[in-house]
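A.B. asks: I need the structure of the sequence given here:
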Amino acid sequence: MTDTNFLTKRRNSKISSYQLKLILFLSVATFFDGYDFFAILQLLPNIREEFGLTKGQGGLMISFINLGTVAALFLLRAMDRKGRQKLLFFTILGYTLATLASGLAPEIISFVIFQFIARFMIIGESTIAMVYAVEEFPIDRRSFALSIIQGSLSLGMIFCAAIVPVLLKTDFGWRGVYFVGVMPLLLIAFARRSLKESKRFSNEEQNIDPKQSLMHIWKTPYRKRLIIMSVLWFCTYLCTQPAVAFWKEFAIAERSFSEVEVGMAISLASLISIPFVILTGRFIEWAGRRKGAAIIFAIEIVTVFLNYYLHGFWPLTFALIGGIFGASAVFIVLNTYTTELFPTLYRGHAFAWSNNIIGRIGF
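C.D. replies: Numbers count the residues shown, from 1 in each chain. As a prediction, the model looks like this:
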């Protein structure tokens, strides 16, 4: 097939009504990934104050909760055996219950345990959503679908940033932020009958080996790809996670921002960055995977530095636009690569190793 024929085929590709419903469902699911991720970061000073934690203890708390992202590898392995549909519903339900329990936690230990479970579930949920998009959308619409899903994650961050200052003034305080997490239950009730199993997984289901070990993928011809993707995930998390996790603490302690100013800066930066995040898929298709990835990673490196170097509300907010865009766009790149470089029956294993085991060490 020539390049001209391929481009013609791309222009003729259409999205079905089911695919539109699917992308809406997956986008709402990842919306709460962004919401959950930003909730703990926005509430860290308030949680530390209520439970009497030092800044160092707050950092250790975040680190332990984030171990739930590593544990999610068991969900991703199960995805290659049990299918995408069942695991997606299971993770949405598990996240909802764990988030509600986090808001009811009477002391720090139970809170950390519930948040660990919530992070375990939400990472499994968002990764399954990415795999669903790759397996249900044609190649010319794949990056677009992933961009919409990732953009919804950013929208969840915006919603969280906007609602936290309001909820902190209520009688529930920081706990009210977690009570909002019951909303995904409505998502299950709406979509549980219409969501189908991935066609690609259904076609390969008869080839599944239920006894396949976690190490099996290292014995396949995809070992070299797995090493490369693991290094990329590790280095990306090593840069983006601390930069995002402690920006609010930095802005308040080092730049004398108020809670309102922090919320406004994050909301503005997230809102402005969303159109660029959504266009990332098209940009990658236009520039090519390698060139597009290099440009996006360069933007993230520069803006992360500026986010901890500049002074003043507007300079830092401007830098934050690039930082939030880059933090979202690099994951569109990595999700695209990870899902496209591995066949259907190894896709969950590839994510489990490159993202959840090796990559999350950097996280």
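A.B. asks: which residue ranges of the stretch 51-200 of the chain form strands?
C.D. replies: Read by DSSP state E, counting those that start in this stretch, the stretch 51-200 of the chain holds no strands at all.
A.B. asks: show me where it dips below the pLDDT cut-off.
C.D. replies: 184-194 (pLDDT under 70).
A.B. asks: hmm, 50 instead?
C.D. replies: Regions of the stretch 51-200 of the chain meeting the criterion pLDDT under 50 are absent.
A.B. asks: all helices for it, in order.
C.D. replies: 55-71, 73-82, 84-104, 108-136, 139-167, 175-179, 184-191, 199-204 (DSSP state H, counting those that start in this stretch).
A.B. asks: which one of those helices lies closest to residue 220?
C.D. replies: helix 73-82 (12.9 Å; Cβ to Cβ). Just so you know, the C-beta spots here come from the backbone N, C-alpha and C atoms, and that holds for glycine as well.
A.B. asks: show me what contacts residue 346?
C.D. replies: For residue 346, the contact set (Cβ atoms under 8 Å, 6 or more residues apart in numbering) comprises 80, 217, 220, 222.
A.B. asks: how many residues are close by residue 317?
C.D. replies: Residue 317 has 20 neighbouring residues, counting by other Cβ atoms under 10 Å.
A.B. asks: could you find the closest non-adjacent residue to it?
C.D. replies: Of all residues not flanking residue 317 in the chain, residue 265 sits nearest, at 4.5 Å (Cβ to Cβ, 6 or more residues apart in numbering).
A.B. asks: thinking again about what came up before, minimum distance to residue 287: which of the helices of the stretch 51-200 of the chain has it?
C.D. replies: Minimum separation from residue 287 across these (Cβ to Cβ) falls at helix 139-167, 11.1 Å.
A.B. asks: which parts of the closest one are buried?
C.D. replies: 141-161, 163-165, 167 (16 or more other Cβ atoms under 10 Å).
A.B. asks: kindly report the same for stretch 308-321.
C.D. replies: If you call a residue buried by 16+ other Cβ under 10 Å, then stretch 308-321 has these buried ones: 308, 316-321.
A.B. asks: now do the SS call for the residue nearest to residue 326 when sequence neighbours are not counted.
C.D. replies: Spatial nearest neighbour of residue 326, excluding adjacent residues (Cβ to Cβ, 6+ apart): residue 300 at 2.9 Å. Classification of residue 300 using DSSP: H, G, I helix; E, B strand; the rest coil returns helix.
A.B. asks: check contacts around the residue lying closest to residue 120 once chain neighbours are set aside.
C.D. replies: Leaving out its chain neighbours, the residue that sits closest to residue 120 by Cβ to Cβ, 6+ apart is residue 68, at 3.8 Å. By Cβ under 8 Å, 6+ apart, the contact set of residue 68 is 115-120, 123.
A.B. asks: I'd say residue 223 and residue 229 touch.
C.D. replies: No: if you go by Cβ atoms under 8 Å, residue 223 and residue 229 don't touch, sitting 11.0 Å apart.
A.B. asks: for stretch 74-81, C-alpha coordinates in CSV please.
C.D. replies: Taking Å, rounded to 0.1, in the frame of the first residue of the first chain, the C-alpha atoms of stretch 74-81 are listed here in CSV:
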residue,chain,number,x,y,z
PHE,A,74,-2.2,-8.0,38.8
LEU,A,75,-5.3,-6.4,37.3
LEU,A,76,-3.5,-5.8,34.0
ARG,A,77,-2.4,-9.4,33.9
ALA,A,78,-5.9,-10.6,34.6
MET,A,79,-7.1,-8.4,31.7
ASP,A,80,-5.2,-10.6,29.3
ARG,A,81,-7.0,-13.7,30.7
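A.B. asks: tell me the buried residues in it?
C.D. replies: For stretch 74-81, burial by neighbour count (16+ other Cβ under 10 Å) applies to 75-80.
A.B. asks: how about CSV for the residues you listed, with distance to residue 103 added?
C.D. replies: As requested, the buried residues of stretch 74-81 are exported to CSV (distance: Cβ to Cβ, whole Å):
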residue, distance to residue 103
75, 23
76, 27
77, 30
78, 28
79, 28
80, 33
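A.B. asks: so which of the residues you listed comes closest to residue 93?
C.D. replies: Nearest member of the buried residues of stretch 74-81 to residue 93, counting by Cβ to Cβ, is residue 75, at 12.6 Å.
A.B. asks: before we move on, the earlier item: more neighbours: residue 223 and residue 229, which one.
C.D. replies: Using other Cβ under 10 Å as the criterion, residue 223 and residue 229 rank with residue 229 on top: 23 against 11.
A.B. asks: now that one: phi and psi?
C.D. replies: Note on residue 229: its backbone torsions stand at phi -70, psi -30 [degrees, to the nearest 10].
A.B. asks: can you tell me the closest non-neighbouring residue to it?
C.D. replies: residue 354 (4.1 Å).
A.B. asks: tell me how many other residues surround that neighbour.
C.D. replies: When neighbours are counted by other Cβ under 10 Å, residue 354 comes out with 27.
A.B. asks: compute the distance between it and residue 107, please.
C.D. replies: As defined by Cβ to Cβ, to the nearest Å, residue 354 lies at a distance of 36 Å from residue 107.
A.B. asks: quick one: residue 200 from residue 80, how far?
C.D. replies: Separation of residue 200 from residue 80 (Cβ to Cβ) stands at 12 Å.
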